[in-house]
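> After the sequence you'll find the predicted model.
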Amino acid sequence: MSFILALTVRLNGLLALGLLAAAPALQAVESPLPRVIVLGTGGTIQSKGATRMVLNDYRAGRFEINELLALTPEINQLARIEAIQFANIGSPSMTPELWKSLSEKINTMAYEQPDIAGFVITHGTNTLEETAFFLHLTVRTDKPVLVVGAQRPSTSISADGPQNLYQAVQAAIDPDSRNRGVMICMNQQLTSAREGTKSSTYKVEAFNARDLGVLGVVDPTECSILETPSAATPC
Amino acid sequence: MHHLRTALGLHLVALFAGCASTPTAPVEALSPSAVSAPVAALLKPKIHIFATGGTISGGSSDRMKLSGYKAGAFTIEQMLADVPEVNEVAVVTHEQFRNVRSGNIGPSDILALAQLIQKTLTDQPDIAGFVVTHGTGTLEQTAYFLHLTVRTDKPIVIVGSMRPWSAFGTDAHLNLYNAVRVAAHPESRGKGALVVLNDEINSARDATKTDTLRVETFTSRESGFLGYADPDKVVFYRVPEQRHTFKSEFVIDDVKELPQVDIVYGYQDASAAPVAALIADGAKGIVNASGSPALTAALRQAAADGIKIVASDNKGQGRVLNNPARLAEGIVTGDNLRPQKARILLQLALACGKTTPEELQRIFDQY
């Protein structure tokens, strides 16, 4: 809704009024929501703490990917989500074999299903940048591929995971995210997979590309790209 | 085939004949220093420097003085004589546009500079790139104005320094050298105006002075650098996304002056008095850096009265989100531009006849 409102104020007065009046009718004949594939690999974002005050001990259990998505039903107003539990491990357990399978899965799906808008991958933050970089080098699509994690278990007070996941879907459906390589989406910031790195053990703003900055920001009503990586995307 | 017997000619023969011909004279390495001067000039790009003054041209009789020097103590000619190495990188020409502190650069100066660069582009198409020396205090404002108005894909590098030219351990000399290097580099093209200090390349849109004293003061905050002027090479990692230079809609060839736009700074219980005072003084637009209840009310009223208002922020980083409700009141949001840069963009938009809130919002979303 807010996107449509933001769009109309960019047009001149009369046309804007006309569109506003027609908006409900337009909604009825609009194409369905874009398709986003969410591949879960595990990590803190899919972890549970014993109580909501537990921020850094999350061995109490794991969220299955659909269970995690269910925490944020609003996500279904952004996109048609298809969730696949690829693995459910801590990221230090990630292996090159799993990288390869993940990359092949994305490539196959992107090739066979051109109507997919984008991909989101949940991952533990410890080695997130390694998987992200591997995908950045091997995934052969210009569709957005967002890798997302969390610094706090998704059961915690002020958990960052569900909001990060929501923002990753926002970024995945934005056509402006295409052809920018794999991006890490956390704390409302989009970081290039090439230079992105975890710069803090526990702060929510941990991921950045140090002095090369962020590629873009995911703000409440829109995704805003600030700059482009100048190296060509593998495509 | 006599004319092919210069070193350059032999190189051409090698190129076109697939290196099959036997040279009749020893073939020297094709470095600029190995060939004759006129030929060398053909191999190196021509870079033109406009000097405006600033700390980079500052001097004092005491080399230990890092502050308290006189800006504009040196001419660009004197400075270039201290860094002859620039001549290995480019064929350098120069002119002394101004020689003042950056605080003394104003709208008429930046307008004249942009028009002069545009004219120079037409008059001397063999120039490959430009360098502008400038005081760091307002460098980012001039840089952004050039980024928005000069129609070219040739590099325009704005450079300054935090220590004066004559100081012990000055950053000025290497900064000037790197500015010429970056301006001469083919990969610098098409990225808009660039701010280069401390070996770091910033887009003129995002570059901002973040510290009063440190040599690493210029950053692009959360946007990061575009690249580096490293010891081994100039290297780029990022391309700016927003419109600039040859993609800009702003044509200022016939603009005589920029309209008055001022800035009000917000803090707890900030008074609304500056708003009325600035309007009475002739301001056609106001940029606010955050607000207060009184300021917000005054700005709303000003917008209703036809003054152009752009909402910026005093945090130093982050966007001011689009706000359709405020736009309906005539208040435009300034994206992530610093107030002093939002002012430049608003001045320019108004000078080019863009006055409706919708047009202005589009401009602030795109530039």
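Yep, it's here.
> Check the stretch 201-350 of chain B for the residue nearest chain A and tell me.
residue B:224 (2.0 Å; C-beta to the nearest C-beta). Glycine gets a C-beta too; all of them are placed from N, C-alpha and C.
> surely that residue meets residue A:212?
Yes. At 4.1 Å, residue B:224 and residue A:212 qualify as touching, with contact defined as C-beta atoms under 8 Å.
> ok, now how distant is the residue of the stretch 201-350 of chain B closest to chain A from residue B:202?
Distance, residue B:224 to residue B:202, by C-beta to C-beta, to the nearest Å: 9 Å.
> Could you pull up the residues touching residue B:187?
Listed by C-beta atoms under 8 Å, 6 or more residues apart in numbering or on different chains, the contact set of residue B:187 reads B:234, B:236.
> Quick check: it is in a strand.
No. Counting by DSSP: H, G, I helix; E, B strand; the rest coil, residue B:187 is not part of a strand but helix.
> For it, report the pLDDT, please.
We have a pLDDT of 97 for residue B:187.
> likewise residue A:19?
47.
> re earlier: more neighbours, residue B:224 and residue A:212?
Taking other C-beta atoms under 10 Å in any protein chain shown, residue B:224 and residue A:212 do not tie; residue B:224 has more neighbours (27 against 23).
> show me what contacts residue B:66?
Neighbouring residues of residue B:66 by C-beta under 8 Å, 6+ apart: B:163-164, B:167.
> Of the residues you listed - the most surrounded one?
residue B:164 (26 neighbours).
> Now for residue A:102: which residues touch it?
Contact partners of residue A:102, counting by C-beta under 8 Å, 6+ apart, are A:39, A:41, A:86, A:121, A:131, A:135.
> okay, now the domains of the chain?
Just going to use chain A. A:1-30, A:33-225 (automatic domain parsing).
> Hmm, no, I was thinking of chain B.
Looking at automatic domain parsing, the domains of chain B come to B:2-41, B:44-247, B:261-366.
> got the buried residues for stretch A:53-60?
Along stretch A:53-60, these residues count as buried under the neighbour rule (16 or more other C-beta atoms under 10 Å in any protein chain shown): A:54-55, A:58.
> List the contacts of the residue of the stretch 201-350 of chain B closest to chain A.
By C-beta under 8 Å, 6+ apart, residue B:224 lies in contact with A:209-214, A:227, B:238.
> Excluding residues flanking it in the chain, which one is nearest it?
residue A:213 (2.0 Å; C-beta to C-beta, 6 or more residues apart in numbering or on different chains).
> so the one you found makes contact with residue B:222?
Yes. Here residue A:213 reaches residue B:222: they are 5.4 Å apart, a contact under C-beta under 8 Å.
> Pick out whichever of these two has more residues nearby.
residue A:213 (24 against 19).
> Could you tell me which residues make contact with residue 89?
Using chain A here. A:41-43, A:124.
> switch to chain B, that's the one I care about
Contacts of residue B:89 (C-beta under 8 Å, 6+ apart): B:44, B:177, B:180-181, B:184.
> Repeat that for residue B:284.
Residues counted as contacts of residue B:284 (C-beta under 8 Å, 6+ apart) are B:259-261, B:307-308, B:350.
> Make JSON lines out of the residues you listed and add pLDDT and distance to residue A:169.
Putting those into JSON lines (pLDDT from 0 to 100; distance: C-beta to C-beta, whole Å) gives the following:
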{"residue": "B:259", "pLDDT": "98", "distance to residue A:169": "43"}
{"residue": "B:260", "pLDDT": "98", "distance to residue A:169": "45"}
{"residue": "B:261", "pLDDT": "98", "distance to residue A:169": "40"}
{"residue": "B:307", "pLDDT": "98", "distance to residue A:169": "41"}
{"residue": "B:308", "pLDDT": "98", "distance to residue A:169": "37"}
{"residue": "B:350", "pLDDT": "98", "distance to residue A:169": "39"}
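> Let's see which of the residues you listed end up in strands.
Cross-referencing the contacts of residue B:284 against strands under DSSP state E gives B:261, B:308.
> Residue B:275: which of the contacts of residue B:284 is nearest?
Closest to residue B:275 out of the contacts of residue B:284 is residue B:307 (8.4 Å), distances taken as C-beta to C-beta.
> I figured the closest one hits residue B:285, correct?
Yes. Assessed by C-beta under 8 Å, residue B:307 is found in contact with residue B:285 at 6.4 Å.
> higher neighbour count, the two?
Neighbour totals were compared for residue B:307 and residue B:285, and residue B:285 leads with 25 against 18 (other C-beta under 10 Å).
> List, one by one, the residues from chain B near chain A.
B:200, B:203, B:206, B:219-227, B:236-241, B:318-319, B:321-322, B:324, B:327-328, B:335-336, B:358, B:361-362 (C-beta under 8 Å from any C-beta of the partner chain).
> Weed out the non-buried ones from those.
Using 16+ other C-beta under 10 Å, the buried ones in the residues of chain B next to chain A are B:200, B:203, B:206, B:219-227, B:236-241, B:319, B:322, B:324, B:327, B:335-336, B:358, B:361.
> Report the buried residues of stretch B:277-285.
Buried, per 16+ other C-beta under 10 Å, within stretch B:277-285: B:278-279, B:283-285.
> Next step: these restricted to strands.
Checking the buried residues of stretch B:277-285 against DSSP E, those in strands are residue B:285.
> For the longest strand along chain B, what does the pLDDT average out to?
Identified as the longest strand of chain B according to DSSP E is strand B:91-100. Average pLDDT, strand B:91-100: 97.
> rewinding a little: redo the contacts of residue B:66 as TSV? Include pLDDT and secondary structure.
Shown next, in TSV, are the contacts of residue B:66 (pLDDT from 0 to 100; DSSP: H, G, I helix; E, B strand; the rest coil):
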residue	pLDDT	secondary structure
B:163	95	coil
B:164	96	coil
B:167	94	coil
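> With respect to chain A, which of those residues is nearest?
Checking the contacts of residue B:66 against chain A with C-beta to the nearest C-beta, the nearest one is residue B:163 at 21.4 Å.
> For the closest one, which non-adjacent residue is closest in space?
Per C-beta to C-beta, 6+ apart, closest to residue B:163 is residue B:170, 4.2 Å.
> That neighbour: what's it in contact with?
Counting by C-beta under 8 Å, 6+ apart, residue B:170 makes contact with B:161, B:163-164.
> Swap in 10 Å and give it another go.
B:55-56, B:58, B:63, B:66, B:161-164, B:215 (C-beta atoms under 10 Å, 6 or more residues apart in numbering or on different chains).
> Out of those residues, which is nearest to chain A?
Nearest to chain A out of the contacts of residue B:170 is residue B:215 (C-beta to the nearest C-beta; 14.3 Å).
> Break down chain A into its helices, ranges please.
With DSSP state H as the criterion, chain A has helices at A:2-8, A:13-29, A:65-70, A:96-112, A:128-138, A:161-173.
> so which residue of chain A comes closest to chain B?
The nearest approach of chain A to chain B comes at residue A:213, 2.0 Å away (C-beta to the nearest C-beta).
> isn't that residue right up against residue B:200?
No. Counting by C-beta atoms under 10 Å, residue A:213 does not reach residue B:200; the two are 11.5 Å apart.
> Which residues are in contact with each of the two?
B:219-220, B:224-226.
> picking that back up, give the buried subset of the contacts of residue B:170 as a PyMOL selection command.
Buried subset of those, written as a PyMOL selection, criterion 16+ other C-beta under 10 Å:
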select buried, chain B and resi 55+56+58+66+161+162+163+164+215
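> give me the element the residue sitting nearest the centre point of chain B is part of.
Nearest residue to the geometric centre of chain B (C-alpha atoms, centre = their mean): residue B:143, 2.6 Å. If you go by DSSP states H and E, residue B:143 is part of helix B:139-149.
> The residue nearest to the centre of chain B: what's it in contact with?
Listed by C-beta under 10 Å, 6+ apart, the contact set of residue B:143 reads B:110, B:132, B:134, B:156-160, B:192-195, B:202-205, B:207-208, B:218, B:341, B:344.
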